[in-house]
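**Q** Let me see the structure of the following:
(one chain, ligands or ions: 2)
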Amino acid sequence: MSNLLEIKDLYVNYNTDEGVVHALNGLNISVEKGESLGLVGETGAGKTTMALSIMKLLPAKVGEITGGSLVYDGQELLSADEKVMKKIRGDKISMIFQDPMSSLNPTKTVGKQVREVLDLHFKNLSKAEKQEKIDKMFLLVGIPPERQNEYPFQFSGGMKQRIGIAMALIAEPELLIADEPTTALDVTIQAQILDLMRNLQKELNTSLIMITHDLGIVVEICTKVAVIYSGQIIEVGSVEDVYQKLHNHPYTAGLFNCIPDLKSDAKRLTPIKGSMASPDNLPVGCKFCDRCDFKTERCEKEEPKMYMNGTHGIKCFKYEDKWGE
Ligand SMILES: Nc1ncnc2c1ncn2[C@@H]1O[C@H](COP(=O)(O)OP(=O)(O)OP(=O)(O)O)[C@@H](O)[C@H]1O
Ligand SMILES: [Mg+2]
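**A** Numbers count the residues shown, from 1 in each chain. Ligands and ions are numbered 1, 2, ... in the order given. Modelled structure (predicted):
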């Protein structure tokens, strides 16, 4: 397999009236063709910022990529102009937005919006063929096809989310970025959507970046996992590497402790103590050190590298001597 997407040492700031928010701080990750990556991390870790950076859809004037590189299928996106990006967004990469209204136009019926995506991607299909595809997709995401002539405001939040999903999937993209696509949905629809993504991957070899808080979803659909903290990937590996729980970053171990385990009789979950360092005032050393039980003096002063053991990488000094760089 070859890398479809390669992000190297990416830095992103939000310049606000209150100061500079350092949202991504040297983020590295790659996605191969056909691979499905689960990106996991707590609120504010930089997940949506990473997704918007790939699409070059960071909020104008406020969001700024200050360093690094972002190569898609051999092309550097950071130097690509808006014309090129429009083509890539239309043709190659689709995103399911965390906020469904980011992808929906309030002034057009939802059917028209889905059809516009098809018109762009499948120019050779007849009108009837397109309509058939659209009806099928509406059914798949659990919206009665008769409702195509309604406007976004006539749908509930979960339904709007599913229309956003329909728009992203009907394009049959090479890379699908799904930003918490199922959080607002009930479990039956959630299972259906995950099935849909799985099929898309199997049939079309689509690459997927699945952003989620839910370590359970990652196991169901992903082959690779990346854990993000303070705008950096602090652990990466195959699902087996990470979920075996033999070696984990102390933060990942903390995330696992937050999942209820039906088999154990533990009365309560162990949340990770403290909160993430403020992105306008990050520690110089390890970004997690203030919350870590294994912290040494060095962790406060120096940032650990990503130490590797085969496909498994952990950004913590605990692995410096055991694993390579
Ligand atoms: N438009 C913005 N202006 C200023 N700061 C922002 C903006 N968008 C995000 N941030 C800040 O950047 C950091 C990363 O935010 P981001 O939305 O990428 O996190 P996330 O991992 O997607 O969180 P969540 O799980 O809540 O969706 C946070 O500190 C957030 O407050
Ligand atoms: Mg987000």
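**Q** Going by C-alpha atoms from here, please, whenever you check contacts or count neighbours.
**A** Fine.
**Q** element containing the residue nearest the centre of the chain, please.
**A** The residue lying closest to the centre of the chain (C-alpha atoms, centre = their mean) is Ile211, at 3.1 Å. Assignment of secondary structure by DSSP states H and E places Ile211 within strand 207-212.
**Q** May I have the secondary structure class of the residue in the stretch 201-325 of the chain that ligand 1 sits nearest to?
**A** Residue of the stretch 201-325 of the chain nearest ligand 1, by C-alpha to the nearest ligand atom: Pro279 (5.5 Å). Secondary structure for Pro279, judged by DSSP: H, G, I helix; E, B strand; the rest coil, is coil.
**Q** Relative to Glu180, how far out is it?
**A** 22 Å (C-alpha to C-alpha, to the nearest Å).
**Q** do Ile96 as well
**A** The value you get for Ile96 to Glu180, if C-alpha to C-alpha is used, is 8 Å.
**Q** More neighbours: which of these two?
**A** Neighbour count, other C-alpha atoms under 10 Å: between Ile96 and Glu180, Ile96 has more, with 26 against 20.
**Q** residues in contact with that one?
**A** 103, 164-165, 168, 176-179, 181 (C-alpha atoms under 8 Å, 6 or more residues apart in numbering).
**Q** re earlier: from what I see, the residue nearest to the centre of the chain and Ala178 are in contact.
**A** Yes. Contact criterion C-alpha atoms under 8 Å: Ile211 and Ala178 qualify, at 6.0 Å.
**Q** Hmm, His22 and Asp280 touching each other?
**A** Yes. With contact defined as C-alpha under 8 Å, Asp280 and His22 form a contacting pair (5.9 Å).
**Q** Look at these two and report which has more neighbours.
**A** For Asp280 versus His22, neighbours defined as other C-alpha under 10 Å are more numerous around His22 (20 against 14).
**Q** how far does the helix or strand where the more buried one lies sit from the chain's center?
**A** Element membership for His22 (DSSP H and E) is strand 19-32. Put simply, strand 19-32 sits 12 Å off its chain's centre (C-alpha atoms, centre = their mean, to the nearest Å).
**Q** quick one: buried residues of it?
**A** 21-32 (16 or more other C-alpha atoms under 10 Å).
**Q** strand partners of it, parallel vs antiparallel please.
**A** Paired with strand 19-32 in the same sheet, following DSSP bridges, are strand 3-16 (antiparallel).
**Q** Show me which positions of the partner strand end up buried.
**A** 4-8, 10-14.
**Q** what's the closest of the residues you listed to ligand 1?
**A** Out of the buried residues of strand 3-16, the member with the shortest distance to ligand 1 (by C-alpha to the nearest ligand atom) is Tyr14, at 5.0 Å.
**Q** From what I see, the closest one and Val20 are in contact.
**A** Yes. Applying C-alpha under 8 Å as the test, Tyr14 and Val20 come out as touching, 5.8 Å apart.
**Q** So which residues on the protein come close to ligand 1?
**A** By C-alpha under 6 Å from any ligand atom, the residues of the chain that approach ligand 1 are 14, 16, 21, 23, 42-49, 279.
**Q** show me where the stretch 201-325 of the chain has helices.
**A** 215-221, 239-243, 250-257, 297-301 (DSSP state H, counting those that start in this stretch).
**Q** now these in CSV, with mean neighbour count and mean pLDDT?
**A** Below are the helices of the stretch 201-325 of the chain laid out as CSV (neighbours: other C-alpha atoms under 10 Å; pLDDT from 0 to 100):
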stretch, mean neighbour count, mean pLDDT
helix 215-221, 16, 88
helix 239-243, 18, 96
helix 250-257, 19, 91
helix 297-301, 14, 96
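**Q** what about those, which gets the closest to Ala60?
**A** helix 215-221 (31.4 Å; C-alpha to C-alpha).
**Q** quick one: contacts of the closest one?
**A** Against helix 215-221 from outside (C-alpha under 8 Å, 6+ apart): 36, 38, 40, 194, 198, 210, 212, 225, 239, 256.
**Q** and if you look at stretch 104-122?
**A** Contacts of stretch 104-122 (C-alpha under 8 Å, 6+ apart): 90-91, 130-131, 134, 147-153, 163-164, 166-167, 170-171.
**Q** can we see that at 10 Å?
**A** 87, 90-92, 97, 103, 125, 127, 130-131, 133-135, 137-138, 145-155, 160-161, 163-164, 166-173 (C-alpha atoms under 10 Å, 6 or more residues apart in numbering).
**Q** Can you turn the buried part of these into a PyMOL selection?
**A** Buried subset of these, written as a PyMOL selection, criterion 16+ other C-alpha under 10 Å:
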select buried, resi 90+91+92+97+103+130+131+134+135+137+138+145+148+151+152+160+161+163+164+166+167+168+169+170+171+172+173
